[in-house]
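Trainee: Here you go, sequence then predicted model.
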Amino acid sequence: MLVLSDLDVRRCLSIKEIIDVNSKALRSIRDNGGEAIVPRRIGLPYRSATACSSEDAEDWTLFKPAYFPASNDEDEEVMGMKLVSIRGNNPTLGLPTVTATTALNNAETGEVEAVVSSTYLTAARTAAGSALATKLVLEGRSPEELAGLTLVVFGAGLQGELHIRAICLLANVIRLVIVNRSKERANKLSAKFLKEGLFSDIHTVELSDEERVRCAVEGAHVIVTATNASTPLFAGSWVRPGCHVNSVGSYTPITREIDDELVKRSHAIVDTHEAINVGDLRWLKNQNDRKCTLLGNLLAGNDVFSEALDETIDCTLYKSVGTAIQDVCSAALAVKAAREKGIGTNVDMS
């Protein structure tokens, strides 16, 4: 059995490779033809001292299985399960908010063939979905609109960082604004990008500074919300017409990063149909005359993106809650690359 650490995974895969494999994974769960099998996830709430019941719990551990059958000679079948935990207090302990591990099975024998640390992969595959959605939305824009984009990212953790890297691979971002509860953490991420020479125009904003947050949102062409916030981060009325928003942080019916105003103004794209149950899309769930477009349908050409539904809808929103098929396909690609490069630790489980 091969065991890969987070560092091993980073050495094995580029962001571009992760984007490509996630395009395939998302297409596999399209309506009418999607071949993947993805059972419902199982969630265990962690009741902290402030939570009275499982519904109040902000921390969860999730078990997410998936199977990707080989539908042609180029694909390899993949079976596995990811165990992911969200702990809001982890940053104070010097740990990531989201930690994850994926086990991959030999589909024929059922034996576990690899265990992959998936904290980095979880952030990377989420960012890949957002980058793909952003690219699809921007494809219909004029060259003038695409000449130089301002990207505003809420969250300075690993998710925020990898969203910046992934989106900038597929879009011409020239100005970056990082908004975070801790200005120190935002400045640290900013310094990292400046040192790498990826941007020259970077600004950091503390989330509590409402005036500067509003200014950042009003100037954004693309926004990412990648936080563990339970209430909206900004007013939807601040968002400029034509803006695209990727919301990836909230994942339960009672948590949200964006408000109803933004949802009402947006054509919604989702990674899975389950995303409609998340707090962010609470308003949309009760609207019979409004639908969400599945990202896999767009990537597969089963659906055509139409930005203008009527005069009241002037933004786009991609809501992601993650799907296990992304996890197992990303982990399988890491294992394949690791074996080719001689990376990782082999463990005899007999």
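Mentor: Perfect, thanks for sending it.
Trainee: only C-alpha atoms for contact and neighbour calcs from this point on.
Mentor: Fine.
Trainee: can you give me the mean pLDDT across the helix or strand in which Trp60 is found?
Mentor: Using DSSP states H and E, the element containing Trp60 is strand 59-68. For strand 59-68, mean pLDDT rounds to 93.
Trainee: Name the residues of whichever helix or strand comes after that strand that come out as buried.
Mentor: Later in the chain than strand 59-68, the nearest helix or strand by DSSP H and E is strand 78-86. Judged by neighbour count using 16 or more other C-alpha atoms under 10 Å, the buried positions of strand 78-86 are 78-86.
Trainee: Quick one: list the elements packing against the longest helix out of those in the chain.
Mentor: Using DSSP state H to define each element, the chain has its longest helix at helix 119-138. Other helices and strands packing on helix 119-138, by 3 or more C-alpha pairs under 8 Å, 6 or more residues apart in numbering; DSSP states H and E, are helix 6-12, helix 15-27, strand 98-105, helix 158-170, strand 244-247, strand 315-319, helix 324-341.
Trainee: so which of those comes closest to Ala300?
Mentor: Among the helices and strands packed on helix 119-138, helix 15-27 comes nearest to Ala300, with 5.6 Å by C-alpha to C-alpha.
Trainee: Least confident secondary structure element in the protein?
Mentor: Every helix and strand in the chain was compared by mean pLDDT, DSSP states H and E; the lowest is helix 143-146, with a mean of 76.
Trainee: Counting neighbours, what do you get for the closest residue to Arg181 other than its chain neighbours?
Mentor: Leaving aside its sequence neighbours, Arg181 sits nearest to Leu207 (C-alpha to C-alpha, 6 or more residues apart in numbering; 4.9 Å). Residues lying near Leu207 (other C-alpha atoms under 10 Å) number 20.
Trainee: Outline the domain layout of the chain.
Mentor: When the chain is parsed with automatic domain parsing, its domains come out as 2-121+324-346, 127-319.
Trainee: Off-centre distance for the longest one?
Mentor: Computed by C-alpha atoms, centre = their mean, to the nearest Å, the chain-centroid distance of domain 127-319 equals 10 Å.
Trainee: Thought Asn32 was touching Gly296, still the case?
Mentor: No. If you go by C-alpha atoms under 8 Å, Gly296 and Asn32 don't touch, sitting 10.7 Å apart.
Trainee: out of these two, which sits in the busier spot?
Mentor: Gly296 (27 against 8).
Trainee: Assumed that one was part of a helix.
Mentor: Yes. Under DSSP: H, G, I helix; E, B strand; the rest coil, Gly296 falls within a helix.
Trainee: out of everything not next to it in sequence, what's closest to it?
Mentor: Going by C-alpha to C-alpha, 6+ apart, Gly296 has Arg27 as its nearest residue, at 4.2 Å.
Trainee: In the stretch 251-350 of the chain, where is pLDDT below threshold?
Mentor: Across the stretch 251-350 of the chain, the ranges flagged by pLDDT under 70 are 289, 305-310.
Trainee: Let's see that with 80 instead.
Mentor: Low-confidence segments of the stretch 251-350 of the chain (pLDDT under 80): 286, 288-291, 303-311.
Trainee: ok, the residue nearest to Gly296 - how many residues close by?
Mentor: Using other C-alpha under 10 Å, Arg27 is surrounded by 24 other residues.
Trainee: how about it, what does it touch?
Mentor: 34, 295-297, 299-300 (C-alpha atoms under 8 Å, 6 or more residues apart in numbering).
Trainee: got it, and Ile42?
Mentor: Contacts for Ile42 (C-alpha under 8 Å, 6+ apart) come out as 62-64.
Trainee: how about a cut-off of 10 Å?
Mentor: Residues counted as contacts of Ile42 (C-alpha atoms under 10 Å, 6 or more residues apart in numbering) are 61-65, 83.
Trainee: can you check Thr323 too?
Mentor: Contacts of Thr323 (C-alpha under 10 Å, 6+ apart): 25-26, 29, 38-41, 64-66, 82, 122, 125-126, 271-272, 274-275.
Trainee: got it, and Leu136?
Mentor: Counted by C-alpha under 10 Å, 6+ apart, Leu136 has contacts 130, 170, 295, 298-299, 305.
Trainee: May I ask which of these has the most neighbours?
Mentor: Using other C-alpha under 10 Å as the neighbour criterion, Leu295 leads the contacts of Leu136 with 31 neighbours.
Trainee: isn't that one right up against Ala128?
Mentor: No. Assessed by C-alpha atoms under 10 Å, Leu295 is found out of contact with Ala128, at 11.9 Å.
Trainee: Since that was my last question, I'll sign off now.
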